[in-house]
Structures are given as structure tokens and as C-alpha cells.
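Trainee: Based on what follows, work out the 3D shape:
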Amino acid sequence: MQTAEEKKAAKARKKRDKVSFAQGLRNRFREMLGLGTTLVNEPRAFPGETGRLLKRSLRKLWHARGGGLYACGYVITFIWLEIKTIGGEILASDSALGFVTEQFFEVFFRLLSQSFVNSILAFIWPAFVLQRSPVWGIFILVALYFVFPRFIKPTLTKWLFDDNAPPAMDTDQS
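Mentor: Predicted coordinates for the structure are as follows:
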């Protein structure tokens with residue numbers, strides 16, 4: 001059990017570590033610039049660097065949603081919706097050059113609109129499970145509730161944090 005002083009210190013650390021929206025955008029821009037530099041200067045290191053960047057992003061999403069079953073469902077649903085969105089845009093474009101040109105000019109609008117919608121839809125991921133089959137959906141959600149913390153979460157947490165310090169938050173919740 002935490003004392004009042006420990007809770008206060010943890011709250012102060014969390015507030016201190018919080019990054020503003022503008023700073024977050026600058027950080028993403030620097031990461032993308034660094035990734036582009038890696039692609040130009042060290043093409044063989046590009047896939048590994050991209051993997052580390054994606055893993056860090058998944059870790060942040062995981063933390064932001066609580067680090068449990070709900071977070072896992074949110075991340076999986078968000079990735080699925082983003083893949084569907086990008087796949088639909090690729091199929092809708094006339095050519096590869098057209099796709100790249102459209103993405104270049106519309107990236108901010110797409111990110112602000114479709115990714116926002118995908119984020120909201122990912123919040124209701126249990127509804128997608130229940131929509132597929134109400135009876136089996138309930139069974140799957142109940143089974144995940146019991147199986148996830150014991151078998152899936154330790155492996156997933158180990159993979160997400162293998163290149164970093166252990167999670168700062170209490171991950172015993174599911």
C-alpha cells in the first residue's frame with residue numbers, strides 16, 4: 001500500500017514527465033527525420049530502426065490505455081483499422097505515384113480525421129467482438145478476462161519492454 005507522500009510523489013513525477021502536444025509533434029518529427037537519415041546513410045539498419053520505433057509507439061499506446069486486456073484490444077483494433085484505412089487508400093489510388101502524392105499532401109488531414117475516428121472506434125473494441133457473434137463474443141471476452149493476465153500479458157509485457165526498463169506503472173491490473 002502506498003503512503004500519501006508516495007502517491008503525491010508519483011503524481012508529481014507523472015505531471016513532470018507529461019509532454020505537451022507541440023513537444024510531442026516535434027518529437028515525432030525528429031523521429032521521422034532520424035528514420036529518413038538512417039534510410040539514406042545506413043539502409044541495412046533501417047528495418048531494425050523502424051521496428052524499434054514501432055515498438056516504442058506500441059508501448060506508449062499500451063501504457064496510455066492501462067497496460068491490460070483493454071489496452072491490448074485497443075492496440076490490436078487500432079492497428080487493424082489503420083491497416084484497413086491505408087489499404088483502402090492504396091486500392092483507391094490510380095498509381096503508386098498518385099498514392100505517394102496524395103499521401104504527401106493529405107497526410108495531416110487524414111491523420112487528423114481518419115486516425116481520430118479509428119482511435120474512437122478502437123475504444124469500443126469489445127463491441128466489435130460481440131458484433132461478430134454475440135454468444136461466442138461473450139464467451140471469448142470472458143475467456144480472455146481469465147486467460148490474458150496469466151498467460152498472454154507476461155509474454156507481451158516481456159516483448160514490449162525487453163529493450164527498456166520495466167514499466168513504470170503497476171501492470172498487475174488487467
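
Trainee: dump the residue contacts of I79.
Mentor: With contact set as Cβ atoms under 8 Å, 6 or more residues apart in numbering, I79 has no partners. Where you see a C-beta, it was placed from the backbone N, CA and C, and this is true even at glycine.

Trainee: Sticking with it, tell me its helix or strand.
Mentor: In this assignment (DSSP states H and E), I79 forms part of helix 69-92.

Trainee: buried ones in that helix?
Mentor: Judged by neighbour count using 16 or more other Cβ atoms under 10 Å, the buried positions of helix 69-92 are 69-75, 77-78, 81.

Trainee: same check, this time on stretch 137-156
Mentor: For stretch 137-156, by 16+ other Cβ under 10 Å, it's 137, 140, 144, 148-149, 153, 156.

Trainee: Select from the residues you listed every entry located in helices.
Mentor: 137, 140, 144, 153, 156 (DSSP state H).

Trainee: ok, so of the residues you listed, who is nearest L53?
Mentor: L156 (18.6 Å; Cβ to Cβ).

Trainee: returning to what we had before: please produce JSON lines containing the ones in helices among the buried residues of stretch 137-156, extended by distance to W62 and pLDDT.
Mentor: Below are those laid out as JSON lines (distance: Cβ to Cβ, whole Å; pLDDT from 0 to 100):
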{"residue": "G137", "distance to W62": "23", "pLDDT": "90"}
{"residue": "I140", "distance to W62": "21", "pLDDT": "92"}
{"residue": "L144", "distance to W62": "16", "pLDDT": "92"}
{"residue": "K153", "distance to W62": "10", "pLDDT": "91"}
{"residue": "L156", "distance to W62": "8", "pLDDT": "88"}
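
Trainee: now the nearest residue to S115 once chain neighbours are set aside: how far from L39?
Mentor: In space, S115 comes closest to E82 once its chain neighbours are excluded; the distance is 6.9 Å by Cβ to Cβ, 6 or more residues apart in numbering. To L39, E82 is 21 Å away according to Cβ to Cβ, to the nearest Å.

Trainee: follow-up on the earlier one: kindly present the buried residues of helix 69-92 as a markdown table, with separate columns for distance to E49.
Mentor: Below are the buried residues of helix 69-92 laid out as a markdown table (distance: Cβ to Cβ, whole Å):
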| residue | distance to E49 |
| --- | --- |
| L69 | 30 |
| Y70 | 30 |
| A71 | 25 |
| C72 | 25 |
| G73 | 28 |
| Y74 | 25 |
| V75 | 21 |
| T77 | 26 |
| F78 | 22 |
| L81 | 25 |
